[in-house]
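Asker: Show me how the following folds:
(one chain, ligands or ions: 1)
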Amino acid sequence: MTTTSESLETHTTPGEARLLPGAPVADAIFAEVAAAATRLRGRGITPSLATILVGDDDASAGYIGIKQRQAAALGFDSPHVHLPATATQADLHRAIATFNTDPAVHGLLVQYPVPGHLDYDAALQTIDPDKDVDGMHPLNMGRLAVGLPGPLPCTPAGIEALLAHHEIPVAGREVVILGRGATLGRPLAMLLAQKRPTANAAVTVVHTGVPDWARYTRRADILVAAAGVPGIVKPEHVKPGAVVIGAGVRYAGRRLLPDVDEACAEVAGAITPRVGGVGPTTVAMLFRNAVRAAERASQ
Ligand SMILES: NC(=O)c1ccc[n+]([C@@H]2O[C@H](COP(=O)([O-])OP(=O)(O)OC[C@H]3O[C@@H](n4cnc5c(N)ncnc54)[C@H](OP(=O)(O)O)[C@@H]3O)[C@@H](O)[C@H]2O)c1
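Answerer: A predicted model of the protein is given here:
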C-alpha cells in the first residue's frame, strides 16, 4: 500500500506533475452532506440554504442557479430573495434579517458582488454568525483564530480537504501562502497551522511587504497562490517536486486568469489543474457549513 509520504515523493520528476482535481473532493464532501441531510430529514428537519441576489448580473444569477440545483440534489430547501439593482442597504439588511429570524433557515449567503452603491462587508456583519455559510463573518474568523467550532471559510477549508483527499502530507511540512487576503490567505494560514492531522504545518505568509517572496516560495513543500495576480507564480518560484495549489484567479470577462503559470507543472510534483481545482471544493464547503449549521440548530 502506498503511504501518504510516498504519494508525494513518487511524483518529483520534472515534467510529470500529478494533477489534483477538485471534483472528486467535492463529490466526497457532497456524499457526506447528503447522508447528514438524510439523517436530519429522518428527524423531521429539512436543511435549508437561503440565498439573496441583488441586481441582474448574469454570472451571479448563474452561480445562484448552480447552488439551487445542488441544494435540490442534496435534499435541501433553498429559499431565495431577488432584490432589484436599485435596492438600498436597508432593503438588503431587511432581507437578511428575515432569514436570520426564520428558524427553518439554517444557512444564508448574499451572492457577491453586490451593486457598487451597496456595502457587502457591512451586510455580511448583519448575518447571524451561526447561519454564515461563507464562514466570513468576523465572529467566525475569531472562532477560527481561537479554534472554536463554527462555519469555516469555504475556500481555505476546501484547500485543506483537497490536500487530504489527494493524500498530500501537510503535517510538519513547510507551507508558503502567497497572499494575506481576508477571504483566502489569512484564514488558510490559521487553518493549516492548527493542531490536526490534516493541518499542523509550518506556515509562512508572504505578500507585497516581502519583495523577495520568492526566497520563501522556493523552499515550500506546498505553495498556495492566493494573490489574484495572473501568472505571478512562475516555475522559478517553485521548488522541484513541490505541491502547487492555484487558488487566486482573476476574470477578464468570462476568461479565467489563474495566479499559477501553466509552466509550473513542469517543475511541481503535484499541481491543481488550471480549471476545476480549488473551485469545486469551495461550493461543497458551503453545503457542509449549511448542514452542520442545521445539525447544531437542532441539537
Ligand atoms: N478559487 C476560489 O474559489 C476563490 C475563492 C476566494 C478567493 N479566490 C481568489 O483568491 C485571490 C485572493 O483573494 P483575497 O480576497 O484574499 O484577495 P486580496 O484581499 O486582494 O489579497 C490578495 C493578496 O495578495 C497579495 N499580493 C497581491 N499582489 C502581490 C504581489 N505582486 N506580490 C506579493 N503579494 C501580492 C496582497 O498583498 P498585500 O496584502 O500586501 O496587498 C494580498 O495579501 C483572488 O484572486 C480571489 O479571486 C478564489
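
Asker: need the strands for the stretch 151-299 of the chain, in chain order.
Answerer: Counting by DSSP state E, counting those that start in this stretch, the stretch 151-299 of the chain has strands at residues 174-178, 202-206, 222-225, 243-246, 249-252, 255-258, 270-271.

Asker: mind checking which of these is nearest the ligand?
Answerer: Distances from the ligand to each of these were compared using C-beta to the nearest ligand atom; the minimum, 4.9 Å, belongs to strand 249-252. In short, each C-beta sits where N, CA and C put it, glycine included.

Asker: roughly how far is the closest one from the heart of the chain?
Answerer: Centroid separation for strand 249-252 versus its chain: 16 Å, with C-alpha atoms, centre = their mean, to the nearest Å.

Asker: Check which helices and strands that strand sits against.
Answerer: Under the contact criterion of 3 or more C-beta pairs under 8 Å, 6 or more residues apart in numbering; DSSP states H and E, strand 249-252 touches strand 255-258.

Asker: The strand it packs on close to the ligand?
Answerer: No. Counting by C-beta under 6 Å from any ligand atom, no contacts exist between strand 255-258 and the ligand, the nearest distance being 8.7 Å.

Asker: The ligand contacts on the chain?
Answerer: Taking C-beta under 6 Å from any ligand atom as the contact definition, the chain meets the ligand at 155, 178-185, 207-209, 213, 226-229, 232, 247-250, 278-279, 282.

Asker: Show the buried residues in these.
Answerer: With neighbours counted using 16 or more other C-beta atoms under 10 Å, the residues of the chain next to the ligand contain these buried positions: 155, 178-180, 183-185, 207, 213, 226-229, 232, 247-249, 278-279, 282.

Asker: rewinding a little: winner for burial among the strands of the stretch 151-299 of the chain?
Answerer: The highest average neighbour count among the strands of the stretch 151-299 of the chain, using mean count of other C-beta atoms under 10 Å, belongs to strand 222-225 at a mean of 29.

Asker: Return the distance of that one from the chain's centre.
Answerer: Mean-position distance between strand 222-225 and its chain equals 14 Å (C-alpha atoms, centre = their mean).

Asker: who does it pair up with?
Answerer: Paired neighbours of strand 222-225 in the sheet (DSSP bridges): strand 174-178 (parallel), strand 243-246 (parallel).
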